[in-house]
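In: coords please:
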Amino acid sequence: MRVPTKALACGLGAMTFLAACNNKADVLTTQSGLDRRDFQATVNGDSTDLYVIRNAGGMEVCITNYGGRVVSLMVPDATGELRDVVQGFAHIDGYTAEPSSFGATMGRFANRINNGRFVLDDDTVQLDRNNGEHTIHGGGEGWRSQVFEAHQPNDSTLVLAYISPDGESGFPGEVTVSVTFAVSHPNELTIDYKAETTEKTVINLTNHSFFNLSGNPTNTILDDILYVNATQYTPLDSTLITTGEISPVAGSPFDFTEPVSIGTALARNPSHAQLQIASGIDHNFVLDTDGDIDKLAARLYAPSSGIAMEVYTNEPGMQVYTGNMLDGSRTGKENVPYSKQTAICLETQHFPDAPNKLHWPTTVLEPGESYLSTCIYRFSVVKE
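Out: Residues are numbered from 1 along each chain as shown. You can find the predicted model right below:
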């Protein structure tokens, strides 16, 4: 029998900061036009809601505890007008009706694991396979479909907590996780992940927000300028599993070592085998930041709005996904269909299928250790 996450989170000694389980998100409507009441429901026996965090400059982030999802993210453009720069839905039903990754906290293991299988201490672990023959984003019981316990200590911070039971989607060990979202001045969204386990396991967490910095979800991201601090990337096989190789980006559509529009990069060699496999870019980049969170990992700029976003992380990799599978079948906020390449994801992470590539940075978490990961999205404007 599934124990409600609220009872688990509030009963865990390591999570005593959640004991009050209070919620300071008392606003009903938001700057992005969302109504909090549209997110108040019961899913899998737990209560969902919408939480609002803001900084003094007017930046606003709306987050639902269903899947730990960023629903809207309002930042000023070059004229000072606030624009919503992420895709999402205006009602909880948009997230629960069918599986999706929009804005979600991905766990227990973000991205793909080959055949849903890996070896840990000579034992073969078999996971729930929910992506053909593979496991993606934690399997069918992944955290994007779980309800987190929420605690809002102040107007600019939200802490979400979840206890992933031993055996969830096949993963060993009970994992306790907290995800802290905080906005600060100047216009930064910081996401801090912390996790502990009762048994040896693997873990790889990220946020899967779909960004459109133009603030107009009908625009494509092809004119946006992207820089990625990576001279190498990890190629894929025909089933989108990393091959184990690490290849140079030089001379390929994956070379963003100098800022270039996404459309220009894709047009360098549209018949490139890796672009054909993923119908665009859906690849892990090997960051040249050495885990230093003060080093710039990526920068995205939308000339149409003047909004720029920098990414910082202590992770070794970042998945760049150019919204290739968006096909207009999902209608989001303001009744806008989300069409191909109308958003880009910049997901800080360990490398996909790392449990099966022992020569790559490890994703193993031992009892008594803490998994710590941070991603910072820093927004600014460019006035031309």
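In: what's in contact with stretch 233-241?
Out: Here stretch 233-241 makes contact (Cβ atoms under 8 Å, 6 or more residues apart in numbering) with 112, 114, 132-134, 242-243, 245-247, 249, 254, 274, 277-278, 282-286, 317, 351-353. Any C-beta I mention is one placed from the backbone N, CA and C, and that applies to glycine too.
In: which of those are buried?
Out: Buried members of the contacts of stretch 233-241, scored by 16 or more other Cβ atoms under 10 Å, are 112, 114, 134, 242, 246, 249, 254, 274, 277, 282-286, 317, 351-353.
In: which ones among those are found in helices?
Out: 274, 277 (DSSP state H).
In: run a quick neighbour tally on the residue lying closest to Ser72 once chain neighbours are set aside.
Out: Leaving aside its sequence neighbours, Ser72 sits nearest to Ser32 (Cβ to Cβ, 6 or more residues apart in numbering; 3.7 Å). Number of residues near Ser32 (other Cβ atoms under 10 Å) recorded here: 21.
In: from memory Ser32 sits against Cys62, does it?
Out: Yes - using Cβ atoms under 8 Å, Ser32 is in contact with Cys62, at 6.1 Å.
In: need the residues touching each of the two.
Out: Common neighbours of Ser32 and Cys62, counting by Cβ under 8 Å, 6+ apart, are 71-72.
In: could I get the full set of helices for the stretch 51-200 of the chain?
Out: 93-96 (DSSP state H, counting those that start in this stretch).
In: please enumerate the strands of it.
Out: With strands called from DSSP state E, counting those that start in this stretch, the stretch 51-200 of the chain shows them at 60-64, 69-76, 82-84, 104-106, 112-113, 117-120, 123-126, 135-136, 149-154, 157-164, 175-184, 188-197.
In: just checking: what are the partner strands of the first one?
Out: For strand 60-64, the paired strands and their directions (DSSP bridges) are strand 50-54 (antiparallel), strand 69-76 (antiparallel).
In: between that strand and strand 175-184, what angle do the directions make?
Out: Note on geometry: by axes from the mean of the first three to the mean of the last three Cα atoms, to 10 degrees, strand 60-64 and strand 175-184 are set 160 degrees apart in direction.
In: and the contacts of strand 60-64?
Out: 30-32, 34, 39, 48-54, 69-74, 82, 92, 95, 103, 158, 160, 181, 183, 189.
In: please give the element, helix or strand, for the spatially most central residue of the chain.
Out: Most central in the chain under Cα atoms, centre = their mean is Asn207, positioned 1.5 Å from the mean C-alpha point. In this assignment (DSSP states H and E), Asn207 forms part of strand 206-208.
In: quick one: strands adjacent to that strand?
Out: Strand pairing for strand 206-208, using DSSP bridges, gives strand 104-106 (antiparallel).
In: buried ones in the strand it pairs with?
Out: 104-106.
In: out of these, flag the one nearest to Thr342.
Out: Set against Thr342, the nearest of the buried residues of strand 104-106 by Cβ to Cβ is Ala104 (17.9 Å).
In: roughly how far does that closest one sit from Val71?
Out: According to Cβ to Cβ, to the nearest Å, Ala104 and Val71 sit 10 Å apart.
In: and what of Tyr51?
Out: Tyr51 is 9 Å from Val71, by Cβ to Cβ.
In: tell me which of these two has more neighbours.
Out: Neighbour count, other Cβ under 10 Å: between Tyr51 and Val71, Val71 has more, with 31 against 23.
In: surely the more buried one and Gly88 touch.
Out: Yes - using Cβ under 8 Å, Val71 makes contact with Gly88 at a distance of 4.4 Å.
In: so what sits against both of those two?
Out: With Cβ under 8 Å, 6+ apart, Val71 and Gly88 have common neighbours Gly103.
In: what's the neighbour count on Gln276?
Out: Neighbours of Gln276 (other Cβ under 10 Å): 11.
In: which ones are touching it?
Out: Contacts for Gln276 were tallied using Cβ under 8 Å, 6+ apart; there are none.
In: Ser100 versus that one, what's the distance?
Out: Distance from Gln276 to Ser100, by Cβ to Cβ: 25 Å.
In: show me the shaky parts of this protein.
Out: For the chain, applying pLDDT under 70 flags the ranges 1-28.
In: run through the bridge partners of the residue nearest to the centre of the chain.
Out: When assigned by DSSP bridges, Asn207 has beta-bridge partners Thr105.
In: begin at 15 from now on, thanks
Out: Let's use 15 as the start, then, which means that last one is Asn221.
In: wait, isn't it in contact with Ala118?
Out: Yes - Asn221 is within contact range of Ala118, at 7.3 Å (criterion: Cβ under 8 Å).
In: find residues that contact each of these two.
Out: What both Asn221 and Ala118 touch, as defined by Cβ under 8 Å, 6+ apart, is the set Gly82.
In: so the residue lying closest to Thr93 once chain neighbours are set aside versus Pro90, what's the distance?
Out: Among residues not flanking Thr93 along the chain, Gly320 sits closest, at 7.6 Å (Cβ to Cβ, 6+ apart). Gly320 is 9 Å from Pro90, where distance means Cβ to Cβ.
In: try Glu202
Out: With the distance defined as Cβ to Cβ, Glu202 ends up 13 Å from Pro90.
In: around the nearest residue to Lys214 once chain neighbours are set aside, count how many other residues there are.
Out: Of all residues not flanking Lys214 in the chain, Glu380 sits nearest, at 5.5 Å (Cβ to Cβ, 6+ apart). The local packing of Glu380 (other Cβ under 10 Å) involves 12 other residues.
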